[in-house]
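Chemist: Sequence first, predicted model second:
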Amino acid sequence: MGADTKALRTRIKSVDSTQHLTKAMGLVASSKIRRASEAMQRSRQYENAVRETIDIITACNECRKSPFMKEDSDGKVKIIVIAGDRGLAGGYNANVFRLAREYPDVEIIPIGKRSCERFGGEFHSSEYYSGEDANKLARQLCKQFSEGEFSKLGIIYTEFVSMMTQTAKIKWVLPLEGSGKERAAGMIFEPDEVQILNAAVPTYVTGVLMGAVRESFASEVAARRMAMDSAGKNAQQMIDDLQLEYNRARQGAITQEITEIVAGSGT
């Protein structure tokens, strides 16, 4: 019995240490949620504003001449895959990689430590990804697209639905699709629609990319918070069960000792 109680005490201590760790990580995630959510909302507003501008320009038939609106179903595809810098966030990273596996014959551009570890390439943090980083990558990709090096660009990221729900999805960025809107009466473009569209596309891609990164990070933080809360509750349940088992083992040991004492005194 002594060996059993000692082993149980060791297990209880180990689970208690794990519980302290999950609690600390949950608190860190909680402290980041507000900042991440605010950054995500700002990026959404910016992306929507740029999208509206692009929709206005692409309503012009002349813009069909732009290289950014030409479709090539047989061309090369590039997909930016955004994952987290760390694990312990439930199925956050796994869901992203599961979706990425649906596109086996594409070139992957990773963002986030976990994504870089899986797909290789230069490391870019998803938490500290800056507007400058996004602009640099967007301009590089737009140049390659316009020169015909590839024909389709997508972003796999995680959409923040709520604190409880985050969904991995893909957003196709290039080529642009016509908005279907009517051109506003009296609107004049200088020097012309195509040149304005070509100049605006890198800004648009930057906005979409930055929005996806911010959305993914907010999703990661929320997923980690929920995962750590769940892990903490599971650890507490395990401690309670082990404590009950320990008390039973200890009581059994005491009962056995008393029985041995009584039996010894009667001889």
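Modeler: Received, thanks.

Chemist: quick one, what contacts T18?
Modeler: By C-beta atoms under 8 Å, 6 or more residues apart in numbering, T18 lies in contact with A231, A235. Every C-beta, even on glycine, is put in place using the N, C-alpha and C of the backbone.

Chemist: could you redo the last one with a cut-off of 6 Å?
Modeler: Applying C-beta atoms under 6 Å, 6 or more residues apart in numbering to T18 gives the contacts A235.

Chemist: And K152, by the same measure?
Modeler: V77.

Chemist: Check the gap between it and G75 for me.
Modeler: 7 Å (C-beta to C-beta, to the nearest Å).

Chemist: Likewise for S230?
Modeler: Using C-beta to C-beta, we find S230 at a distance of 44 Å from G75.

Chemist: same question, G232
Modeler: 49 Å.

Chemist: would you list every one of the strands in the stretch 101-250 of the chain?
Modeler: Ranges of strands within the stretch 101-250 of the chain are 107-111, 152-160, 166-174, based on DSSP state E, counting those that start in this stretch.

Chemist: before we move on, back to that, which one's more surrounded, G232 and G75?
Modeler: G232 (18 against 14; other C-beta atoms under 10 Å).

Chemist: Tell me who's in contact with that one.
Modeler: Q19, T22, K23.

Chemist: And it, what's its pLDDT?
Modeler: Predicted confidence (pLDDT) for G232: 77.

Chemist: nearest spatial neighbour of it, skipping sequence neighbours?
Modeler: Excluding its sequence neighbours, the residue lying closest to G232 (C-beta to C-beta, 6 or more residues apart in numbering) is T22, at 4.7 Å.

Chemist: ok so, going back, rebuild the strands of the stretch 101-250 of the chain as JSON lines, extending it with mean pLDDT.
Modeler: Formatted as JSON lines, these follow (pLDDT from 0 to 100):
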{"stretch": "strand 107-111", "mean pLDDT": "95"}
{"stretch": "strand 152-160", "mean pLDDT": "96"}
{"stretch": "strand 166-174", "mean pLDDT": "95"}
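
Chemist: Can you lay out those strands as a markdown table showing distance to A100?
Modeler: A markdown table is the format used below for the strands of the stretch 101-250 of the chain (distance: least, C-beta to C-beta, whole Å):
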| stretch | distance to A100 |
| --- | --- |
| strand 107-111 | 7 |
| strand 152-160 | 6 |
| strand 166-174 | 9 |
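
Chemist: Tell me which of these sits nearest to H124.
Modeler: H124 lies closest to strand 107-111 among the strands of the stretch 101-250 of the chain, at 4.9 Å (C-beta to C-beta).

Chemist: need the contact list for the residue nearest the centre of the chain.
Modeler: Centroid-nearest residue in the chain: S216, 3.7 Å away (criterion: C-alpha atoms, centre = their mean). Contacts here follow C-beta under 6 Å, 6+ apart; on that basis S216 touches I82, Y157, T158.

Chemist: ok, it to V173 distance?
Modeler: Relative to V173, S216 is positioned 15 Å away (C-beta to C-beta).

Chemist: thinking again about what came up before, ranking by neighbours, what's the top pick from the contacts of G232?
Modeler: Counting by other C-beta under 10 Å, top hit in the contacts of G232: T22 with 21 neighbours.

Chemist: Report pLDDT for that residue.
Modeler: For T22, pLDDT reads 75.

Chemist: Are we agreed that it is in a helix?
Modeler: Yes - counting by DSSP: H, G, I helix; E, B strand; the rest coil, T22 falls inside a helix.
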